[in-house]
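> Let's see this in three dimensions:
(one chain, ligands or ions: 1)
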Amino acid sequence: EMAEKAGYPHFMLKEIYEQPRAIRDAIHGNKEVISRVAGEIANYEKMIFVAMGTSYHAALAGKYLFQRLAKKIPIVEEASEFRYEFEDLVDKDTLVIAITQSGETADTLAAMKLAKAKGAKVLAIVNVVGSMATRIADLTIYTHAGPEIGVAATKTYTTQLTVLTMLAIELAKVLGTASEEYLKELENELEKVPGLVEEVLKHDAAIRELAENLTDRRDFFYIGRGIGVPTALEGALKLKEISYIHAEGLSAGELKHGPLALLEEGVPVIAIAPNGKTFDKMVSNIEEARARGAFTITLSDRKEAETFSDVLIEMPSLDELLTPIIYVVPLQLLAYHLAVLRGNDPDKPRNLAKSVTVE
Ligand code: G6P
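Predicted structure coming up:
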């Protein structure tokens with residue numbers, strides 16, 4: 001096992017550090033497949049993403065990508081909900097996109113089978129080659145992340161996001177819903193993402209130090225807007241899974257509608273605030289939280305965020321649509337270090353399984 005961990009104390013940390021390689025493989029292993037798949041699915045009006053856990057957060061990011069680039073308005077459902085709510089709404093004119101790392105999650109498989117039975121087209125985005133999901137699906141795109149041993153998903157998430165970004169770009173090409181120059185720019189920037197993840201990984205030591213001061217906190221809040229919302233949800237999920245600290249991820253606009261009442265001295269609020277159309281709104285949310293005594297940690301490429309945050313984790317600049325892939329990385333590291341500092345084994349969190357094969 002030591003050899004398999006390649007010198008890292010845990011599989012999770014190894015897998016976090018493998019992300020530049022994994023994302024590169026996801027890009028280069030998929031160019032042809034994704035452009036072929038895009039051609040086959042572009043004309044579906046009804047598109048429904050189904051997934052669970054971290055894969056569900058990838059699906060939420062997929063929704064934003066499809067909206068912005070392909071001008072599609074997909075629905076995103078937890079697979080466990082889809083099965084009972086969409087029975088009569090799925091037909092041969094429906095595309096169901098199932099996202100599942102393992103390809104074995106019981107609820108996701110059941111949703112896929114239901115969709116097939118109703119005549120829908122089913123596309124699966126899967127990591128494990130030859131898994132059940134790939135046998136049920138009409139079309140499969142692999143994430144090429146390699147085996148993931150840590151129960152908390154890391155590299156499989158960022159590769160799911162990579163594949164979804166590429167698929168949205170290809171759909172936009174087929175449908176003519178974005179300018180060719182812009183799509184080309186996005187493709188070029190995506191090629192740079194593995195290198196940017198490497199840059200972000202350099203914050204590791206600073207994030208560990210930050211974690212050392214937060215081990216006794218009982219609640220964490222993660223806020224974002226737009227395509228930053230799935231990142232907030234995923235950051236909170238990582239923390240819950242392995243550090244056993246209560247955390248909530250939410251869209252920053254919801255802060256005023258309840259969660260603000262829970263903020264008191266020292267409660268960490270982590271803000272996903274890349275430069276983009278919601279940056280200014282995020283600033284007011286951060287200030288609002290800070291005024292209530294919250295300990296604010298901001299992830300941003302805007303240096304001035306330093307002035308209104310307790311801690312700034314400085315991020316590389318890139319198109320807002322690509323930010324989910326790099327902004328989740330500091331959140332994975334924060335959860336990892338908090339878990340280890342609190343004496344937990346991040347690879348084997350209590351009560352959780354790598355793949356949930358019972359419903
Ligand atoms: C379990 C795992 C999670 C994962 C979820 C969905 O809860 O612990 O890490 O996100 O299942 O798994 P899937 O294999 O379908 O992506």
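> Flag every residue of the stretch 51-200 of the chain that's near the ligand.
Listed as neighbours of the ligand in the stretch 51-200 of the chain under the rule CB under 6 Å from any ligand atom: M52, G53, T54, S55, T100, Q101, S102, T105, T108, V151, A152, A153. All C-beta atoms are positioned from the backbone trio N, CA, C, and that covers glycine.
> residue boundaries of the strands in the protein?
Applying DSSP state E to the chain gives strands spanning 46-51, 75-78, 94-100, 121-126, 139-142, 219-224, 246-251, 268-272, 295-300, 311-314.
> List the contacts of the longest one.
Spelled out, that is strand 94-100. Residues outside strand 94-100 that contact it (CB atoms under 8 Å, 6 or more residues apart in numbering) are 41, 44, 46-52, 55-56, 58-59, 62, 74, 79, 90, 108-109, 111-112, 115, 118, 120-126, 131, 133, 137, 160.
> now swap in the last one and tell me
The set of residues external to strand 311-314 that reach it, using CB under 8 Å, 6+ apart, is 203, 206-207, 210, 295-301, 303, 305-306, 330.
> and the two most separated of those residues?
Greatest spatial distance among those (CB to CB): F295 and D301, at 21.3 Å.
> Most proximal residue of the chain with respect to the ligand?
G53 (2.8 Å; CB to the nearest ligand atom).
> hang on, that residue packs against E234?
No: look at G53 against E234 with CB atoms under 8 Å: they stay out of range, at 9.5 Å.
> who's more crowded, the two?
Neighbour count, other CB atoms under 10 Å: between G53 and E234, E234 has more, with 31 against 24.
> Let me see the contact set for that one.
E234 makes contact with T54, H57, Y157, G249, V328, L331, according to CB under 8 Å, 6+ apart.
> count of residues packed around the second one?
A count of nearby residues for H57, using other CB under 10 Å, gives 30.
> tell me, how many neighbours does H203 end up with?
Neighbours of H203 under the rule other CB under 10 Å: 18.
> so A232 sits right up against G226, yeah?
No: using CB under 8 Å, A232 is not in contact with G226; the gap is 10.7 Å.
> which of those two has more neighbours?
Under the criterion of other CB under 10 Å, the comparison of A232 against G226 puts A232 first, with 27 against 21.
> just how off-centre is stretch 85-104 within its chain?
How far stretch 85-104 lies from its chain's middle: 19 Å, per CA atoms, centre = their mean, to the nearest Å.
> Show me what counts as buried in that stretch.
Buried positions in stretch 85-104, judged by neighbour count with 16 or more other CB atoms under 10 Å: 86, 90, 94-104.
> Check stretch 276-283 too.
Neighbour counts over stretch 276-283 (16+ other CB under 10 Å) mark G276, T278, F279, M282, V283 as buried.
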